[in-house]
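Enquirer: sequence plus the predicted model coming up.
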Amino acid sequence: MIKKNGKNKSLSLQSMNKAEISILLPFYNAQTTLKRALESIRQQEYSHFECLMVDNNSSDSSSEIAREFQKTDPRFQLISEQKQGVVFASNTAYKMARAKYICRMDADDIMTPNRLLLQKKYLEENPKLDVVAGLVKYIPHHENTQGFKRYVKWVNSLLSYKDIYNNRFVESPIVNPSAMWRKEISDQYGMYKAGDFPEDYEMWLRWLSKDVRIQKFPEIVLHWQDSNTRLTRTHQIYNDKAFFKIKTAYLAKWLKKNNPHYPHVAVWGASRISRQRASLLLALGITIDSYIDIHKKRDLNTPILYYQDIPEAGKIFILCYIKEEIAKKKMMDYLDNKDYVLGENYMLIS
């Protein structure tokens, strides 16, 4: 911890002037967690950073907490953004950023002490890599968090660019506050956009559509704190409907470029919810020729293809709308045994 004396403030000022990492930290009414988050930043092993703290109209003592850090450590800068929303607060911080690397952080999370050092080094040692995220340790707020636990287990399993690329239409393959990237990438392809969609997921989809290379450092870099008030739990732009709407839009664009049978697809998953989600493609120019099912008899307007009657690889392109993990694993094993290749002959959507 940096003490309130001239020598340490001078060292902090030197670190700020040599900052190679700009940390973007928007906050709103985060008085119970903000100090802990900022302390985890101040105690980083790598010291050449600037932390851009953006108060987004807080009505609690959050701004006072941030102001104390600014007083004692010049690497911390307090900014105000009146337009409500994490998109606007994050982008305001980005406009102030001076460093070559951009790091995202949330006000209720904790960085591991070596996070900045590990991710910066990883980018330096991999010049063809554009973004590095990391593993997260999930900190639940109560016992009824099985959905988030499953998501963390899944997202932590995606390390390589190929795995992230091939799974990006399932859910967001990156935990936003675990990411660091080269500023030139966001300068070129843009930052967060405001809309009726999760802003971080849209940005990852947009960047991946531009061949931005994303990987993960295979160590925990963030303690990801859950709470009843976390935006991903409370705001409608983070619900399932919003996720499917934005990923379907990017999926349709991807199919136009990569599906050799465009606009024709087959959808594996004939349940009502699978058909409902797949139907979003119709308005975007995609034709669903058939639904693949494990049952021979199901009465639908669209033809049903029994899974054992699937043609050899290369004859059709399959979109997999199966969410249940055991069923999905069996489906993937079956397709692999028929020489279907993920990302070439089929794609996972749920």
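Expert: Received the coordinates, thanks. Numbers count the residues shown, from 1 in each chain.
Enquirer: where do the helices sit along the stretch 251-350 of the chain?
Expert: Using DSSP state H, counting those that start in this stretch, the helices of the stretch 251-350 of the chain run over 272-278, 325-337.
Enquirer: buried stuff in the last one?
Expert: In other words, helix 325-337. In terms of neighbour count (16 or more other C-beta atoms under 10 Å), helix 325-337 has its buried residues at Lys328, Met331, Met332, Leu335. In this view, the C-beta of every residue, glycine as well, is placed from N, C-alpha and C.
Enquirer: of the residues you listed, closest to Val155?
Expert: In terms of C-beta to C-beta, no member of the buried residues of helix 325-337 lies closer to Val155 than Lys328, at 15.5 Å.
Enquirer: pLDDT score assigned to the closest one?
Expert: Looking at Lys328, its pLDDT stands at 96.
Enquirer: ditto for Phe88
Expert: Looking at Phe88, its pLDDT stands at 98.
Enquirer: heads up, I number from 263, so please use that
Expert: Taking 263 as the first residue, the last one we looked at is Phe350.
Enquirer: right, and it touches Ala456 too?
Expert: Yes - here Phe350 lies in contact with Ala456, judged by C-beta atoms under 8 Å, at a distance of 7.1 Å.
Enquirer: what's the overlap in contacts for these two?
Expert: Counting by C-beta atoms under 8 Å, 6 or more residues apart in numbering, Phe350 and Ala456 have no common neighbour.
Enquirer: give me the more crowded residue out of the two.
Expert: Phe350 (18 against 14; other C-beta atoms under 10 Å).
Enquirer: how close does that one get to Tyr427?
Expert: 29 Å (C-beta to C-beta, to the nearest Å).
Enquirer: what secondary structure does Trp486 sit in?
Expert: The three-state label given to Trp486 by DSSP: H, G, I helix; E, B strand; the rest coil is strand.
Enquirer: which residue packs closest to it, ignoring adjacent ones?
Expert: Val398 (4.2 Å; C-beta to C-beta, 6 or more residues apart in numbering).
Enquirer: which non-adjacent residue is nearest Lys297?
Expert: Lys297's closest residue in space is Ile327 (C-beta to C-beta, 6+ apart), at 5.1 Å.
Enquirer: over to Tyr463?
Expert: Leaving out its chain neighbours, the residue that sits closest to Tyr463 by C-beta to C-beta, 6+ apart is Ser434, at 4.1 Å.
Enquirer: which SS state does that neighbour fall under?
Expert: coil.
Enquirer: quick one, what contacts it?
Expert: Contact analysis of Ser434 by C-beta under 8 Å, 6+ apart lists Val417, Pro460, Asp462, Tyr463, Trp466, Phe505.
Enquirer: which element, helix or strand, includes the residue nearest to Lys297?
Expert: Assigned by DSSP states H and E, Ile327 falls within helix 324-334.
Enquirer: which other residues reach that helix?
Expert: 264, 266, 271, 289-293, 296-297, 300, 304, 313, 315, 317, 338-340, 369.
Enquirer: what average pLDDT does that helix get?
Expert: 98.
Enquirer: centre of the chain to it, how far?
Expert: 29 Å (C-alpha atoms, centre = their mean, to the nearest Å).
Enquirer: that's a helix at Glu312, yeah?
Expert: No - with three-state DSSP as the criterion, Glu312 is assigned strand and is not in a helix.
Enquirer: shaky segments in the stretch 363-512 of the chain?
Expert: 403-407, 489-497 (pLDDT under 70).
Enquirer: ok, back up a step: the residue nearest to Trp486 bridge partners, please.
Expert: Leu484 (DSSP bridges).
Enquirer: from Leu296, how far off is the residue lying closest to Arg298 once chain neighbours are set aside?
Expert: Leaving aside its chain neighbours, Arg298 sits nearest to Ile372 (6.2 Å; criterion: C-beta to C-beta, 6+ apart). According to C-beta to C-beta, Ile372 and Leu296 sit 11 Å apart.
Enquirer: same question for Lys280.
Expert: The gap separating Lys280 from Leu296 is 26 Å, by C-beta to C-beta.
Enquirer: more neighbours: the two, which one.
Expert: Neighbours per residue, other C-beta under 10 Å: of Lys280 and Leu296, the larger number sits with Leu296, 26 against 12.
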